[in-house]
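Engineer: would you be able to build a 3D model of this:
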Amino acid sequence: MLIGNKKLIKYNHYPVLLKETIDALDCKKGLIYVDATLGGGGHSFEIAKRIYPEGRLISFDVDPDAIEESSKKLEPYKDIVTIVKANYSQIPEKLLQLNIPKITGGIVFDLGASYHQFMKAEKGFSFSKEASLDMRFDPESPVTAYDIINNKTEHELRMIFQEYGEERFSRRIAKKIVEKRKEKTIKTTTELADLIKYSVPKTHTNIHPATRVFQAIRISVNNELLNFENTLRSSIPMLEKSAKIVIISFHSLEDRLVKNLFKYYSSNCKCKREQLICNCSGKELEIITKKPITASPGELRENPPSRSAKLRVSQKI
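Structural biologist: Take a look at the predicted model:
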């Protein structure tokens, strides 16, 4: 659809592993559920449908477009759904403000960026579209990709690319960026993508050389891994016994973090080895999925990006 010369893109977010997620939550009427990452509302809609009219669903997002579109989708269940414009790191405090001391049913995290965010040029997530270097999920957040690319030191850039993107040419790319910005600031996604492309050796692959770097910048801009880890740690005490945690991750850093945290909270004792007397809370979670659940062949055909999705489930004990 065109208005003037501007192309409008309808908010679209394919709810990855939808059936598997809803099955894992085992939604029951009368319980309270949290969707930590509302997005296009796919997971929230299915949860609300199953717990209506006695249950309650609290859904979180910082993207105004996601909230606007999902509000329309969830209109039939508005009596039991509360949408909160806040980062999921604020879940504990926001729930308490809503007089909800415990999550009695379960919580779901879909850590993938939406199709809409990649397609909406001004978001700056895609290296294939000319756009300002932004990459913020929350448009009110103070730090952008432009700030990181033009203000971080060479060492800082290298560590971001290496740690968050697992980019093997991180040193070379960081050096080229710093050299380039001595001439002029790097303002757009295509400028950065081209710079990365000509900074690394050619490879026989269909994956664009900027893919890992753009992922790393996005994670850094939105402080994704630290926010998620802190949120998971603070959410576990709010879970009622038998409540589920369902997490969909999309790259190895996220999945490794989920796996390790589940392992930690499912341990019988979390005290240090040298400690003589145990004073920890003991085992808090039971891991339901010993191995992550992945997309079915049918979903892979319908939505190829789901190939990288991994779903892990635990239950509060």
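Engineer: next, the contact list for Leu253, please.
Structural biologist: By Cβ atoms under 8 Å, 6 or more residues apart in numbering, the contact list for Leu253 reads 164, 166, 219, 225. Just so you know, the C-beta spots here come from the backbone N, C-alpha and C atoms, and that holds for glycine as well.
Engineer: any buried residues in the helix or strand it falls within, and which?
Structural biologist: Using DSSP states H and E, Leu253 maps to helix 252-265. The neighbour-count check on helix 252-265 (16 or more other Cβ atoms under 10 Å) flags 253-255, 257-259, 261-262, 265 as buried.
Engineer: could those go into TSV alongside distance to Pro305?
Structural biologist: TSV is the format used below for the buried residues of helix 252-265 (distance: Cβ to Cβ, whole Å):
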residue	distance to Pro305
Leu253	17
Glu254	15
Asp255	15
Leu257	20
Val258	19
Lys259	21
Leu261	24
Phe262	24
Tyr265	29
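Engineer: which one of those residues is nearest to Thr153?
Structural biologist: Of all the buried residues of helix 252-265, the one with the least separation from Thr153 (Cβ to Cβ) is Leu253, at 22.2 Å.
Engineer: look at that closest one and report its pLDDT.
Structural biologist: Leu253 is assigned 94 on the pLDDT scale.
Engineer: next one: it from Asp65, what distance?
Structural biologist: Noted for Leu253: a distance of 26 Å to Asp65, by Cβ to Cβ, to the nearest Å.
Engineer: also Arg212?
Structural biologist: For Arg212, the distance to Asp65 equals 26 Å [Cβ to Cβ].
Engineer: so these two - more neighbours on which side?
Structural biologist: Arg212 (22 against 19; other Cβ atoms under 10 Å).
Engineer: select from the contacts of Leu253 every entry located in helices.
Structural biologist: Here DSSP state H is the test, and those give 164, 219, 225 as lying in helices.
Engineer: for PyMOL, what selects the buried ones among those residues?
Structural biologist: The PyMOL selection below is limited to those of the ones in helices among the contacts of Leu253 classed as buried (16+ other Cβ under 10 Å):
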select buried, resi 164+219+225
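Engineer: out of the ones in helices among the contacts of Leu253, the closest to Lys197 would be?
Structural biologist: Ranked by distance to Lys197 (Cβ to Cβ), the ones in helices among the contacts of Leu253 are led by Tyr164 at 19.4 Å.
Engineer: pLDDT below threshold where in the stretch 101-250 of the chain?
Structural biologist: 113-122 (pLDDT under 70).
Engineer: CSV for the contacts of Leu253, including distance to Asn279?
Structural biologist: Below are those laid out as CSV (distance: Cβ to Cβ, whole Å):
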residue, distance to Asn279
Tyr164, 35
Glu166, 37
Ile219, 35
Leu225, 29
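Engineer: tell me the two of those residues that are most distant?
Structural biologist: In the contacts of Leu253, two members sit farther apart than any others by Cβ to Cβ. They are Glu166 and Leu225, at 12.6 Å.
Engineer: and Lys184, how far from Ile148?
Structural biologist: From Lys184 to Ile148 the distance is 17 Å (Cβ to Cβ).
Engineer: neighbour count winner among these two?
Structural biologist: Each of Lys184 and Ile148 has its neighbours counted (other Cβ under 10 Å); Ile148 has more, 19 against 9.
Engineer: which elements pack onto the one helix or strand that one maps to?
Structural biologist: Assigned by DSSP H and E, Ile148 belongs to helix 145-151. On a contact count with 3 or more Cβ pairs under 8 Å, 6 or more residues apart in numbering; DSSP states H and E, helix 145-151 meets helix 154-165, helix 170-183, helix 211-222.
Engineer: recalculate using a threshold of 7 Å.
Structural biologist: Contacts defined by 3 or more Cβ pairs under 7 Å, 6 or more residues apart in numbering; DSSP states H and E place helix 145-151 against helix 211-222.
Engineer: give me the buried positions along the helix it packs on.
Structural biologist: Applying 16+ other Cβ under 10 Å to helix 211-222 flags 212-222 as buried.
Engineer: for Ile247, helix, strand, or coil?
Structural biologist: What DSSP: H, G, I helix; E, B strand; the rest coil gives for Ile247 is strand.
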